[in-house]
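Asker: Based on what follows, work out the 3D shape:
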Amino acid sequence: MILHVLSIVLVEAYWVLRKIYNFDKKMILGVFEDFIEADGVELEEDGLVQRVLACFRRVNVDLVDVYLAERSRSPALSVLTWNAEDFRKLECEFYRPQDLR
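Answerer: As a prediction, the model looks like this:
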């Protein structure tokens with residue numbers, strides 16, 4: 001049996017592990033690495049998830065922001081965010097709502 005996992009499921013799992021179960025970043029990374037390497041697990045966007053986890057390991061930014069930044073790279077898309085401080089760390093093209101006026 002193959003378990004097909006959508007990328008957004010990992011984002012939701014991060015939130016649950018962090019906010020409900022109080023896992024720290026290192027623990028969550030360990031859980032995710034064990035999960036995605038398990039037999040029978042197939043990720044929707046394996047390359048993207050690998051890049052997200054690698055970047056998340058390096059920067060002090062929320063996982064969903066890392067996901068959006070990495071997702072915006074291929075094809076090149078911009079991110080609309082209220083969190084300019086974190087997106088500057090992620091080196092992707094982004095705009096704040098006030099930039100669009």
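Asker: just the helices in this protein please.
Answerer: 7-15, 25-37, 46-58, 63-71, 84-89 (DSSP state H).
Asker: Quick one: neighbours of the spatially closest residue to residue 80 that is not a sequence neighbour, just the number.
Answerer: Of all residues beyond its chain neighbours, the one nearest residue 80 is residue 95 (5.6 Å), with distances taken as C-beta to C-beta, 6 or more residues apart in numbering. Every residue, glycine included, has its C-beta placed from N, CA and C. Residues near residue 95, counting by other C-beta atoms under 10 Å, number 13.
Asker: can you pull the buried residues of stretch 2-20?
Answerer: 5, 7, 10, 11, 13, 14, 17, 18 (16 or more other C-beta atoms under 10 Å).
Asker: Residue 7 contacts residue 48, correct?
Answerer: Yes: under the criterion of C-beta atoms under 8 Å, residue 7 makes contact with residue 48 at 6.2 Å.
Asker: Show me whatever sits in contact with both of the two.
Answerer: residue 71 (C-beta atoms under 8 Å, 6 or more residues apart in numbering).
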